[in-house]
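**Q** here is my input; please provide its structure:
(one chain, ligands or ions: 1)
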Amino acid sequence: MREWNPRTAPSAEIESLLDTLNAVLAADLPDDPLWQIDSLREYLAETMPGERRISWVAEAGSGPSTHILGHLNVLILGDIGVVELLVHPNGRRQGLARTLLHTAARRARQEGISSLGVEVVGGTPAVGFYEKLGFAREYVETRSVLSLAAVDWFALAAMARNISAGYHVEFWPGGPPDDLLEAYAKAKAEVRDDGDLDLRPSSSDPQRLRESLACLHRRGMKPYIVLALHERTGEVAGLTEVVVPAQHPTRADQYDTIVGRDHRGYGIDRAIKARMLLELRSAEPKLSEVQTWNAQANASMVRVNTELGFQADREWGDYGINVAELAHRLDADG
Ligand SMILES: CC(C)(COP(=O)(O)OP(=O)(O)OC[C@H]1O[C@@H](n2cnc3c(N)ncnc32)[C@H](O)[C@@H]1OP(=O)(O)O)[C@@H](O)C(=O)NCCC(=O)NCCS
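**A** Down below sits the predicted model:
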């Protein structure tokens with residue numbers, strides 16, 4: 001096992017990691033699309049200013065047959081570390097993940113990180129692994145997937161038009177334009193108070209938002225934005241963000257959807273999401289699915305997603321643990 005830098009790693013190692021990632025997907029999430037090599041190095045290496053990612057790999061074989069069996073990276077956000085860890089199905093239950101995590105926990109302790117978080121996919125071996133180590137589930141969402149082949153495009157076009165007077169809807173491939181950035185960030189800041197513990201990045205001040213969009217582009221992830229403008233005030237009343245990653249361009253990720261408190265009840269959520277799907281259909285001809293994550297408690301958003309044709313897939317948990325506690329537990333186990 002060794003520390004690993006994806007920015008400078010030989011291409012053969014990036015390819016080996018891709019093979020392992022795809023073997024993990026085939027075993028644990030067989031309905032998910034496999035990943036492609038496109039921008040994978042950048043996906044692994046690029047971070048936001050002020051953030052760092054530390055990676056390790058566990059290898060098997062020797063000489064030219066060396067391949068990556070396990071991979072762990074910790075994204076450091078202030079004093080929190082977000083872990084991503086995977087082990088090839090052929091190398092499981094041999095203590096590889098535990099060893100990788102032990103190394104990461106020691107380093108995290110040295111770096112003054114107080115807690116580690118991780119996204120755990122329901123119904124996979126990761127649940128047993130993290131629970132055994134004392135991680136606690138802090139937040140849970142449901143992932144839902146929409147198959148574009150099942151969409152009623154005629155009904156969707158009607159939904160996109162059905163928005164109260166006084167608002168208009170705009171589509172911005174690549175991100176919001178500079179003159180809307182402040183109003184856009186303000187709309188995002190409003191929901192920061194809603195207690196969402198999501199580990200996925202979200203940016204609610206204009207400079208941070210600009211950096212976040214640039215980082216997405218560097219990582220090969222293309223953002224698409226639809227927003228509803230309140231004509232009288234110029235406020236961004238609602239927004240929805242979808243990202244099409246170069247690594248799996250057939251399945252897009254829904255990021256934030258937000259409707260400002262003063263603008264709820266005017267059909268904005270439905271209209272902006274419907275417009276987004278209509279635009280994606282022509283902008284991304286390879287796209288066949290969109291996936292989204294929602295808290296079960298968010299009943300109104302879940303209802304709109306169901307109307308659009310999203311089908312619940314599985315639970316997705318945010319787990320966390322105190323670093324000192326984890327390091328102590330792993331030290332004690334040897
Ligand atoms: C979770 C994961 C990292 C575990 O890797 P691993 O190398 O098999 O784990 P370890 O051998 O270090 O296991 C350590 C302990 O965790 C627990 N554990 C691991 N897998 C488990 C399972 N399937 N069920 C219950 N407990 C489990 C056991 O207590 C195990 O100790 P034991 O084998 O002595 O009983 C691996 O299954 C994996 O890569 N999952 C996919 C994670 C992922 O990225 N998912 C997202 C894309 S699908």
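**Q** where do the helices of the chain begin and end?
**A** 11-28, 40-45, 96-110, 125-132, 153-161, 181-192, 206-218, 268-283, 299-308, 323-333 (DSSP state H).
**Q** show me what the last one is packed against.
**A** Secondary structure elements in contact with helix 323-333, counted by 3 or more Cβ pairs under 8 Å, 6 or more residues apart in numbering; DSSP states H and E, are helix 96-110, strand 115-121. Just so you know, the C-beta spots here come from the backbone N, C-alpha and C atoms, and that holds for glycine as well.
**Q** now the fourth one
**A** In this structure, helix 125-132 makes packing contacts with strand 115-121, judged by 3+ Cβ pairs under 8 Å, 6+ apart.
**Q** so what touches the strand it packs on?
**A** Applying Cβ atoms under 8 Å, 6 or more residues apart in numbering, the contact partners of strand 115-121 are 28-29, 74, 79-85, 104-105, 108, 126-127, 130, 135, 137-138, 199, 314-323, 326.
**Q** one more time with 6 Å, if that's ok
**A** Contact with strand 115-121 is made by 80-83, 126-127, 130, 199, 317, 319-323, as judged by Cβ atoms under 6 Å, 6 or more residues apart in numbering.
**Q** partner strands of it and their direction?
**A** In the sheet, strand 115-121 lines up against strand 80-87 (parallel), strand 311-322 (antiparallel) (DSSP bridges).
**Q** tell me the mean pLDDT for the longest one?
**A** Mean pLDDT, computed over strand 311-322, is 97.
**Q** around the residue in the stretch 101-250 of the chain that the ligand sits nearest to, how many other residues sit close by?
**A** Of all residues in the stretch 101-250 of the chain, Gly128 sits closest to the ligand, with a separation of 2.5 Å (Cβ to the nearest ligand atom). By other Cβ atoms under 10 Å, the residues close to Gly128 number 10.
**Q** Arg92 versus that one, what's the distance?
**A** 11 Å (Cβ to Cβ, to the nearest Å).
**Q** what's the answer for Gly61, then?
**A** 17 Å.
**Q** neighbour-wise, which of these two wins?
**A** Set Gly61 next to Arg92 and count neighbours by other Cβ under 10 Å: Arg92 wins out with 16 against 11.
**Q** interface residues of the stretch 1-150 of the chain facing the ligand?
**A** Counting by Cβ under 6 Å from any ligand atom, the residues of the stretch 1-150 of the chain close to the ligand are 24-25, 28-29, 85-87, 92-98, 121, 124-126, 128-129, 132.
**Q** which residues are contacting the worst-scoring helix or strand of the chain on mean pLDDT?
**A** Using mean pLDDT, DSSP states H and E, helix 181-192 stands out as the lowest-scoring helix or strand of the chain, at a mean of 86. Identification of contacts with helix 181-192 by Cβ under 6 Å, 6+ apart yields 176, 204-206, 209, 236, 239, 258, 260.
**Q** with stretch 8-23 instead?
**A** Applying Cβ under 6 Å, 6+ apart, the contact partners of stretch 8-23 are 34-35, 37, 40-41, 67-68, 71, 88-89.
**Q** re earlier: distance to Thr250 added to the helices of the chain, as CSV?
**A** Shown next, in CSV, are the helices of the chain (distance: least, Cβ to Cβ, whole Å):
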stretch, distance to Thr250
helix 11-28, 13
helix 40-45, 16
helix 96-110, 29
helix 125-132, 24
helix 153-161, 18
helix 181-192, 28
helix 206-218, 18
helix 268-283, 12
helix 299-308, 18
helix 323-333, 36
